[in-house]
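Asker: Generate coordinates for the sequence data below:
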Amino acid sequence: MTSAEMTSAMAEGAAPPPACTLVIFGATGDLTHRLLMPALYNLGRWGLLPKDFSVIGVSRTEMSSEEFRAELSETVRGFITAKGGEAGGGSFDEGVWNDLVGRVHYRSGDLSDSGFFAELKGAIAEISGKEDGGSVLFYLAVAASLFGTTIAKLGEAGLTEEGEDRWRRVIIEKPFGHDLPSAEKLDADILKVLSEDQIFRIDHFLGKETVQNIMAFRFGNGLFEPLWNRDHIDHVQITVAETVGVEGRGKFYEATGALRDMVPNHLFQLYTLVAMEPPISFEAEAVRDKKEEVLLATPSARIEDVVRGRYTAGTVNGKPVKDYREEPEVAGDSDTETFVALKLGIDNWRWAGVPFYLRTGKAMTRRDTEIAIRFKQAPLSLFKGTNVREDVPNWLVLQLQPDEGISLQFGAKVPGPAVRLGSVDMRFCYKDYFKTEPSTGYETLIYDAMIGDPTLFQRADMIEAGWRIVQPILDAAAKGELATLPYEAGSAGPGRARDLLTRDGRDWRSLEHGS
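Answerer: A predicted model of the protein is given here:
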């Protein structure tokens, strides 16, 4: 597929959003350079940016718009052309980039200063060429502690007021709160300024094509949905394993940990997509209602069904990794978890009695994000008097990274005179079949926010329902009742995590071999 054909394919069925200005708070940070600007570049390449579009970067750092553009030009080109990066491996279109970077402006200021927001209001009007500032999308790529303050200042300056031909929306990054009470308070505070339809709580996992493909796979194929229930499924495993450690983010990780960082957002997004009932349509509220129903039907986690871990010194991919407690800005006696595994159940007709096992961790043996569905065994009565003593497990695996695709494992007769069963795989590789180009995953999310489609974003009630499930874990950890267990960097996590499954007569799928 040529570059022109790819552009046509990506833009098919989509039209550029209406004219708007994107204001990025925290614009000098890594997120803007590594993901947001490459995503805007891709949208420009696909013809999916508004004709009248501008970007205003905001940060405390003093610099001119020209200096900011030069900095972006250097870093974004590197992220797009570098192999192995989230946006890397592609060619760089100078024409597309020059058009985009020419629309970029920069303003420095203090987000606690009301005067700065008044100045920003004037800058938006000047850059947009509209007295009322036109439509504006605000992106909060700042520390979570600044979310409430920044939105309050936007409201004070009149920057959140909408008109007949003018919308105002705010994208909020995770983590949204650090527990249930803080999430409830943050929701209450921002809802004093914004209406729910102005708030776009982002989870970049939902921007990945392979995550969106879960719904298409389930509800677009008559083959699988009839089997998607407790009558046919034995259990489900959801794994998000990373080989990297905290990578200099010790201060952030000490205050967050693996559970807050990954479970109420990333893992629960995958969990709800797998377990939700079919919506009546793909309209935003129909989809989000069904996802919330899964969380409401999930009892809060039981402490006996949770394992927390912390990596110690080891080797990952042939490279030494230091003990988490030796990382910069990490306490020498830290009890922060870098791994968490838990068992959940869903109290509804479809899933009653089917366990869902979730795990995520850093400095593990293999990078792997997958949803693995184990089907129930067939009776072996047919094979009496043969060499078949046990059947081959049937797995349906939705692989999200690093090699996006779907595989189905089933049993087949091994060639020869004796009756023996062997395991075979049918595999579909997403990038090989669709010839996809590298992207960040933010393209779809930014585009959807511009057109006002909240389907892939979380509502307040969904956020709070997720925190309710994990709150007992946070409470037990705070009281010292659920200590972290050491695991060697480069392993599959603490040995106790295996007990969550072995006590039920099951076992984790191997991370070492990805099988």
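
Asker: how about the strands in the stretch 101-250 of the chain?
Answerer: Per DSSP state E, counting those that start in this stretch, the stretch 101-250 of the chain carries strands over the ranges 104-108, 136-140, 168-172, 199-201, 233-241.

Asker: Where is the longest helix in this structure?
Answerer: Longest helix of the chain, by residue count under DSSP state H: helix 460-478.

Asker: And the contacts of it?
Answerer: Residues outside helix 460-478 that contact it (C-beta atoms under 8 Å, 6 or more residues apart in numbering): 176-177, 179-180, 183-184, 187, 191, 196, 199, 201, 259-260, 263-265, 268, 288, 291-292, 295-296, 298-303, 306, 308, 335, 337, 340, 342, 344, 482. Where you see a C-beta, it was placed from the backbone N, CA and C, and this is true even at glycine.

Asker: again, but for stretch 368-379
Answerer: Outside stretch 368-379, the residues that touch it by C-beta under 8 Å, 6+ apart are 214, 227, 231-241, 270, 274, 391, 393-402, 506, 509, 511, 514.

Asker: Show me what counts as buried in it.
Answerer: By neighbour count with 16 or more other C-beta atoms under 10 Å, stretch 368-379 contains the buried residues D368, T369, E370, I371, A372, I373, R374, F375.

Asker: for stretch 408-417, same thing?
Answerer: L408, Q409, F410, G411.

Asker: Once you drop chain neighbours, what's closest to the last one?
Answerer: The spatially closest residue to G411, leaving aside those adjacent along the chain, is V392, at 3.2 Å (C-beta to C-beta, 6 or more residues apart in numbering).

Asker: Spit out the contact partners of that neighbour.
Answerer: Residues counted as contacts of V392 (C-beta under 8 Å, 6+ apart) are Q409, F410, G411, L421, G422, S423.

Asker: And it, what's its pLDDT?
Answerer: The per-residue pLDDT reported for V392 equals 75.

Asker: Ok, the one 5 residues further on next?
Answerer: Confidence per residue is given as pLDDT, and for V397 that number is 93.

Asker: Then L382?
Answerer: At L382, pLDDT is 57.

Asker: returning to that earlier point: want to throw the contacts of V392 into CSV with secondary structure?
Answerer: Below are these laid out as CSV (DSSP: H, G, I helix; E, B strand; the rest coil):
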residue, secondary structure
Q409, strand
F410, strand
G411, strand
L421, strand
G422, strand
S423, strand
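
Asker: Tell me which two in those are the farthest apart.
Answerer: Distance extremes for those: the farthest pair is Q409 and L421 at 12.0 Å, using C-beta to C-beta.

Asker: Report how many residues lie close to the closest residue to N229 other than its chain neighbours.
Answerer: Setting aside the residues directly before and after it, N229 is nearest to R350 in space (C-beta to C-beta, 6+ apart), at 4.9 Å. By other C-beta atoms under 10 Å, 16 other residues sit near R350.

Asker: what does S510 give?
Answerer: 12.

Asker: Checking it next. Helix, strand or coil?
Answerer: coil.

Asker: For the residue nearest the centre of the chain, give me the pLDDT.
Answerer: Nearest residue to the geometric centre of the chain (C-alpha atoms, centre = their mean): F205, 2.3 Å. We have a pLDDT of 80 for F205.

Asker: ok, now which ones touch it?
Answerer: V211, N265, H266, Q269, L270, G441.

Asker: Excluding covalently adjacent residues, which one is nearest to it?
Answerer: H266 (4.8 Å).

Asker: I'd guessed that neighbour sits against D203; true?
Answerer: Yes - the pair H266 and D203 qualifies as a contact (C-beta atoms under 8 Å) at a distance of 6.6 Å.

Asker: Which residues are in contact with each of those two?
Answerer: Shared contacts of H266 and D203, counting by C-beta under 8 Å, 6+ apart, come down to nothing at all.

Asker: what is the mean pLDDT for stretch 138-146?
Answerer: 93.

Asker: Surely R366 and L511 touch.
Answerer: Yes - if you go by C-beta under 8 Å, R366 and L511 touch, sitting 4.8 Å apart.

Asker: Could you tell me which residues touch both of those two?
Answerer: Joint contacts of R366 and L511 (C-beta under 8 Å, 6+ apart) are A241.

Asker: ok, now which ones touch the closest residue to F53 other than its chain neighbours?
Answerer: Spatial nearest neighbour of F53, chain neighbours left out: R103 (6.0 Å); criterion: C-beta to C-beta, 6+ apart. Listed by C-beta under 8 Å, 6+ apart, the contact partners of R103 are F53, S54, V55.

Asker: can you give me phi and psi for the first one?
Answerer: Translated: F53. phi -140, psi 140 (degrees, to the nearest 10).

Asker: Could you give the average pLDDT over stretch 60-75?
Answerer: Per-residue scores along stretch 60-75 average to 94.

Asker: How about it, which residues are buried there?
Answerer: Quick answer for stretch 60-75 (16+ other C-beta under 10 Å): M63, F68, R69, E71, L72, S73, T75.

Asker: Okay, now the unreliable bits of the protein?
Answerer: Within the chain, the segments meeting pLDDT under 70 span 1-13, 82-90, 380-391, 418-420, 422, 435-438, 512-515.

Asker: again, only this time at 80
Answerer: 1-14, 81-91, 208-210, 378-392, 410-424, 430-439, 512-515 (pLDDT under 80).

Asker: returning to that earlier point: need the phi and psi values for the residue nearest to F53.
Answerer: Per degrees, to the nearest 10, the backbone of R103 is at phi -100, psi 0.

Asker: L398 now?
Answerer: phi -100, psi 100.

Asker: Who does the residue lying closest to it once chain neighbours are set aside form a beta bridge with?
Answerer: Leaving aside its sequence neighbours, L398 sits nearest to I371 (C-beta to C-beta, 6+ apart; 4.3 Å). Beta-bridge pairing of I371, defined through DSSP bridges, involves I238, L398.

Asker: quick one: I371 and P402, what's the gap?
Answerer: Look at I371 and P402: by C-beta to C-beta, to the nearest Å, they are 15 Å apart.

Asker: how about R310, secondary structure?
Answerer: Secondary structure of R310, per three-state DSSP, is strand.

Asker: Quickly note the distance from it to G493.
Answerer: For R310 relative to G493 (C-beta to C-beta), the value is 10 Å.

Asker: and if you look at K192?
Answerer: 42 Å.

Asker: These two: which has the busier surroundings?
Answerer: A direct count of neighbours by other C-beta under 10 Å for K192 and G493 places G493 higher, at 28 against 10.

Asker: pretty sure the more buried one is in contact with G361, am I right?
Answerer: Yes - between G493 and G361 there is a contact under C-beta under 8 Å: 5.2 Å.

Asker: shared neighbours, the two?
Answerer: G309, F339, Y487.

Asker: Who are the contact partners of the residue nearest to K290 when sequence neighbours are not counted?
Answerer: Nearest residue to K290, sequence neighbours excluded (C-beta to C-beta, 6+ apart): M276, at 4.2 Å. Contacts for M276 (C-beta under 8 Å, 6+ apart) come out as V287, K290, K291, E293, V294.

Asker: List the contacts of M262.
Answerer: V240, V340, T360.

Asker: Need phi/psi at it.
Answerer: The phi/psi pair for M262 (degrees, to the nearest 10) is phi -120, psi -40.
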